[in-house]
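Undergrad: Sharing a model that was predicted from the sequence below.
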Amino acid sequence: MSTPLFEYLLRLGDDRLILGHRNAEWCGHGPILEEDIAVANVALDQTGEAQLLLNLAGQIEGQGRDADQLAYWRDETQFRNLQMLELPRGDFGFTMVRQFLFSAHAHFVLEHLASCPHDDLAGIAAKALKENRYHLRHSSEWVVRLGDGTDESHRRIQAALDELWPWTVELFYEDAVDAALKAEQIAPDQAAIKPKWEAMVTEVLTRATVQPPKGPMRMVGGRKGRHTEHLGHLLAEMQIVARSHPGASW
Amino acid sequence: MTRAAGLPTTGEEVIDLLHEVKDPEVPVIDVVELGIVRSAEVDGERVLVKVTPTYSGCPATQVIEREIRGALERRGFKDITVKMVYNPPWTTDWIGPEAREKLRAYGIAPPGPTAGGTELVSLGRPTRTVACPYCGSSNTTTESQFGSTACKSIHFCRACQQPFEHFKAI
């Protein structure tokens, strides 16, 4: 039976697994060697965090599934990540804007989880919080440098923001899973996080001389397993080896 | 409790023994100096060692776990458990002064204190400088916050024209 904590851990774990996969796609394709290494390092942190969170989810579920089984043997509709994170990696500016918007939100979520009463989750979150500080700093530096850079880099950061911004509504999505965990003091209150996220994002975007678009926001659904057409393709690539050689180890 | 001949009988002795297990990525310091061995308990031929990972995705974690197990097997333990623990999370503040000096002598600038931290987002304020491990100069620049492993950043010394790595404070 699926408990709220299991669901919640899948959401946290899948966000990092999917974004980590997208970031890992930069390995060997970075604009300069240092950034190739940096983005791969960020991806490594995120994949490691996903492994810890999904292993914990498996333990909570109690059906004998571990992180590998959850990562490689679930189908698209069983993934709980934010839709924004599964979008193709785009150009380097797009990757940095997405990382920044996500990491700014993750900071406040992890800050809360690090002192929550669930001991294992608190430990994992406290570690991820430290790692996320580096991701936040790195991505915000690039958003500022490129946004307030050349005409071309400014145009690209603004275009990335125009595309990504409508998806950010999903960062603050809450349902019965969150309500149950808020009652146990585990999950944070997204309504309380929103103004802090907006203040942080506005500060950086202003310095980067770019502006969020005014248009309508996207529909949400990732937390319930509704995804864009991009997730299936990502999973096909991520899962092919495990599914071609079931039970293989090395 | 059974007492096996010649085996360490206390957690302290087991931890002493684990000084022989080096960090596979920074072989100049060992896993105890790194601060990731949290505790050890002995009961006859049985031993339980609790280890905490450095970074969530550190690929050395599994190697370290295997090497700790190997060291305990060679010492004669029959029933070995290496358990990963996550709380409290690892911090570079657990690396002692001697190990910091070993890092510096190896050419890796040791981590500064984690307290006081850096700003969360880039707003153009100057960041803490890292002293060059070769010449000691503070006239250095940060080339990248991410280096050859997750735990290191890349810097350049303007004084002696030497690129170097820094063990990030975390």
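TA: Nice, I can see it. Residues are numbered from 1 along each chain as shown, chains lettered A, B, ... in the order given.

Undergrad: sec struct for the closest residue to chain A within chain B, please.
TA: Closest approach between chain B and chain A, counting by C-beta to the nearest C-beta: residue B:57, at 2.4 Å. In this view, the C-beta of every residue, glycine as well, is placed from N, C-alpha and C. Of the three states, residue B:57 takes coil under DSSP: H, G, I helix; E, B strand; the rest coil.

Undergrad: Break chain B down into its structural domains.
TA: Per automatic domain parsing, the domain ranges recorded for chain B read B:11-84, B:95-167.

Undergrad: Point out where the chain drops to low pLDDT.
TA: If you meant another chain, say so; for now it's chain A. Along chain A, segments meeting pLDDT under 70 span A:1.

Undergrad: should've been chain B
TA: Scanning chain B for pLDDT under 70 picks out the ranges B:1-5, B:115-119, B:122-127.

Undergrad: buried set for the lengthiest helix in it?
TA: What stands out as the longest helix in chain B, according to DSSP state H, is helix B:60-74. In terms of neighbour count (16 or more other C-beta atoms under 10 Å in any protein chain shown), helix B:60-74 has its buried residues at B:60, B:61, B:64, B:65, B:67, B:68, B:69, B:71, B:72.

Undergrad: For residue 149, which non-adjacent residue is closest in space?
TA: By default, I'm working from chain A. By the measure of C-beta to C-beta, 6 or more residues apart in numbering or on different chains, the closest residue to residue A:149 outside its immediate chain neighbours is residue A:157, 8.0 Å from it.

Undergrad: not quite, I wanted chain B
TA: Nearest to residue B:149 is residue B:25, by C-beta to C-beta, 6+ apart, at 5.1 Å.

Undergrad: ok, that neighbour - how many residues close by?
TA: Residue neighbour count, defined by other C-beta atoms under 10 Å in any protein chain shown, stands at 16 for residue B:25.

Undergrad: Count the neighbours of residue A:52 for me.
TA: The number of residues near residue A:52, taken as other C-beta under 10 Å, comes to 26.

Undergrad: Whichever strand or helix holds it vs helix B:60-74, what angle?
TA: Using DSSP states H and E, residue A:52 maps to helix A:33-61. Angle, helix A:33-61 to helix B:60-74, by axes from the mean of the first three to the mean of the last three C-alpha atoms, to 10 degrees: 60 degrees.

Undergrad: mind listing what's buried in helix A:33-61?
TA: So for helix A:33-61, counting by 16+ other C-beta under 10 Å, buried means A:35-58, A:60-61.

Undergrad: ok, and of these, which contact chain B?
TA: A:35, A:37-38, A:41-42, A:44-49, A:51-52 (C-beta under 8 Å from any C-beta of the partner chain).

Undergrad: Spatially central, which residue of chain B would that be?
TA: Nearest to the geometric centre of chain B sits residue B:34, at 2.8 Å (C-alpha atoms, centre = their mean).

Undergrad: Leaving out sequence neighbours, find the closest residue to the residue of chain B closest to chain A.
TA: Among residues not flanking residue B:57 along the chain, residue A:48 sits closest, at 2.4 Å (C-beta to C-beta, 6+ apart).

Undergrad: and that neighbour, what does it touch?
TA: B:53, B:55, B:56, B:57, B:58 (C-beta atoms under 8 Å, 6 or more residues apart in numbering or on different chains).

Undergrad: State the pair within the residues you listed that is farthest apart.
TA: Spanning the widest gap among the contacts of residue A:48 are B:53 and B:57, at 8.7 Å by C-beta to C-beta.
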